[in-house]
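Asks: With the sequence up front, the predicted model follows.
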Amino acid sequence: THIQSWYEGTILSEDHPDLPLSSQSLSRLLSRIGEGTANLEFSRKLIEQISTCSTLVYDITSLSSYSQSISLLEYGYNRDGLDLPQINLSLIVDKDLGIPVMYDLYPGSIADVSTLKNTVKKMKAQGVRNYTLIMDRGFFSTDNIEEMVSADLSFIIPPTSNLKNVKEAISAIHKRIDDPDHLRLYEKEPLFVMPVSIDIGENRLDGYAFYDQKREQQERNTFYKRLYDLMEVLKSKSLKPWMNPGEVFRATAKRDAKFIEWKAIDGKFHVSLRKNAVSHAVNKMGKFILLYRGEFSWMECLSLYRSKDVVEKGFDVLKNDIELMPTNLRTNSSLRGYLFIAFIALILRMKLMKMMIDAELNKRYSVEGLLTELEKIKIMVLPNGEKMATEISKKQREILDALHMCA
């Protein structure tokens, strides 16, 4: 967006005065990229160069658009709560390096659990070996577990509670997890930990059950506050004769509908809590299970799983800083090309974030603040055509030195 204006204000316009930056030429460029295999070749070379072989975090997000001409856009589960067609973007991030190494696109209607098989094949084709996959419960299914075990993968994943074996394990945890023998310390906070084993299909997985009392209290407070606010909203609604009370209730209560008993009397909702449903939800709070395949202590398991926020930060950067999705793309190929450019931008930005954290610059600057400070460095073109940089300020020198860069 506005690339011509930006370009004219940079030294690029002096060094490369004839770049074709019209919207038509950019569209042609993106389409050429999107029609080829640049993303796969780039990831393969990147993985070869950085020897990715440690801990990979895998997750999926939804990218919504108003475009009417991109066939990849389909309606599906939208993680941002938008009523728009979407594509699903999966991202694989190297936890230790803090950068993404692979991505893939799927039509918006495809569920998370059905993407893993192809992802595993693509990672093997890219030369990724001896790694541990960290995934959220959205990828948990019997088929996915069997796929990862048959591929001899190491992984960490929390189970969903809709399987009978998992429900039984959770019930057993409630009775024994707070035994003093299970007390541990994690990051200076008390935590109860006990080993578990659960049969998932034909495979028996080891894992750890965790009980965090501080987290339990926070979850309780948030939960009860949300239910209280919801009941107040329902009580305040005025139901017109033409309204369907059930539809109004479901649209208002959404995911919390199962916790509320309601009646519509004289155009008003009369509501109360479903005690059994509330108690069932509260009993789970602060407790969770992580299943794994490989060799992990409870502390390694927990710390690795909590490191998955690195990919969530990547999605946040894509959506808010790099500003996906553009509204002016018209074809699948131009969309694929644009996302490849965004992927490269994400690598650069996340690498800079990692460098800032390592140098402790993140305590004084945001990424935007740091770039704004460095943007003040200008190149002057003298009358004889010679180019020289402006003086480097103290702040700029501190940043450059901390990042081991020169102006």
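Replies: That came in fine, so what should we check first?
Asks: where does this protein dip in pLDDT?
Replies: For the chain, the stretches flagged by pLDDT under 70 are 1, 51-54, 65-84, 108-114, 322-329, 407.
Asks: mind listing the strands for it?
Replies: Taking DSSP state E, the strands of the chain run over residues 55-64, 86-94, 99-107, 132-135, 154-157, 183-186, 189-200, 203-211, 260-265, 268-273, 287-293, 379-381, 387-389.
Asks: Could you provide these in TSV, with additional columns for distance to residue 305 and mean neighbour count?
Replies: C-beta here means a position set from N, CA and C on the backbone, and glycine is covered the same way. Shown next, in TSV, are those (distance: least, C-beta to C-beta, whole Å; neighbours: other C-beta atoms under 10 Å):
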stretch	distance to residue 305	mean neighbour count
strand 55-64	9	22
strand 86-94	14	24
strand 99-107	19	20
strand 132-135	6	22
strand 154-157	5	22
strand 183-186	12	12
strand 189-200	13	16
strand 203-211	10	20
strand 260-265	32	15
strand 268-273	32	15
strand 287-293	6	21
strand 379-381	47	11
strand 387-389	46	11
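Asks: CSV for those, including distance to residue 232?
Replies: Formatted as CSV, those follow (distance: least, C-beta to C-beta, whole Å):
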stretch, distance to residue 232
strand 55-64, 31
strand 86-94, 33
strand 99-107, 40
strand 132-135, 38
strand 154-157, 38
strand 183-186, 37
strand 189-200, 34
strand 203-211, 32
strand 260-265, 12
strand 268-273, 9
strand 287-293, 29
strand 379-381, 60
strand 387-389, 61
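Asks: Which one of those strands lies nearest to residue 356?
Replies: strand 99-107 (13.4 Å; C-beta to C-beta).
Asks: Tell me which residues are up against stretch 230-244.
Replies: Stretch 230-244 is contacted by residues 245, 248-249, 252-253, 256, 260, 262, 264, 267-271, 273 when judged by C-beta atoms under 8 Å, 6 or more residues apart in numbering.
Asks: Quick one: closest of the strands of the chain to residue 167.
Replies: When the strands of the chain are ranked by proximity to residue 167 (C-beta to C-beta), strand 189-200 comes first, at 10.2 Å.
Asks: Export the closest one to PDB, keeping only CA atoms.
Replies: These are the backbone C-alpha positions of strand 189-200, laid out as PDB (Å, rounded to 0.1, in the frame of the first residue of the first chain):
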ATOM      1  CA  GLU A 189       5.100 -21.100  42.200                       C
ATOM      2  CA  PRO A 190       3.600 -24.200  43.800                       C
ATOM      3  CA  LEU A 191       2.200 -26.800  41.400                       C
ATOM      4  CA  PHE A 192       0.800 -30.300  41.800                       C
ATOM      5  CA  VAL A 193       2.100 -32.800  39.300                       C
ATOM      6  CA  MET A 194       1.400 -36.500  38.800                       C
ATOM      7  CA  PRO A 195       2.200 -39.000  36.000                       C
ATOM      8  CA  VAL A 196      -0.600 -40.400  33.900                       C
ATOM      9  CA  SER A 197      -1.000 -43.000  31.100                       C
ATOM     10  CA  ILE A 198      -4.000 -42.900  28.700                       C
ATOM     11  CA  ASP A 199      -4.900 -45.300  25.900                       C
ATOM     12  CA  ILE A 200      -5.700 -43.300  22.700                       C
END
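Asks: So what pairs up with residue 104 in the strands?
Replies: Beta-bridge pairing of residue 104 under DSSP bridges involves residue 90.
Asks: That one contacts residue 115, doesn't it?
Replies: Yes: at 7.5 Å, residue 104 counts as touching residue 115 under the criterion of C-beta atoms under 8 Å.
Asks: Common neighbours of those two, please.
Replies: With C-beta under 8 Å, 6+ apart, residue 104 and residue 115 have common neighbours residue 90.
Asks: what about residue 256, neighbour count?
Replies: 16 (other C-beta atoms under 10 Å).
Asks: What of the one 3 residues further on?
Replies: Applying other C-beta under 10 Å, we find 20 residues neighbouring residue 259.
Asks: wait, it sits on residue 280?
Replies: No: contact criterion C-beta under 8 Å: residue 259 and residue 280 do not qualify, at 9.6 Å.
Asks: Now residue 142. Nearest residue, chain neighbours left out?
Replies: Nearest residue to residue 142, sequence neighbours excluded (C-beta to C-beta, 6 or more residues apart in numbering): residue 201, at 4.1 Å.
Asks: which residues touch the one you found?
Replies: Counted by C-beta under 8 Å, 6+ apart, residue 201 has contacts 142, 145, 146.
Asks: Which of these has the largest number of neighbours?
Replies: residue 145 (22 neighbours).
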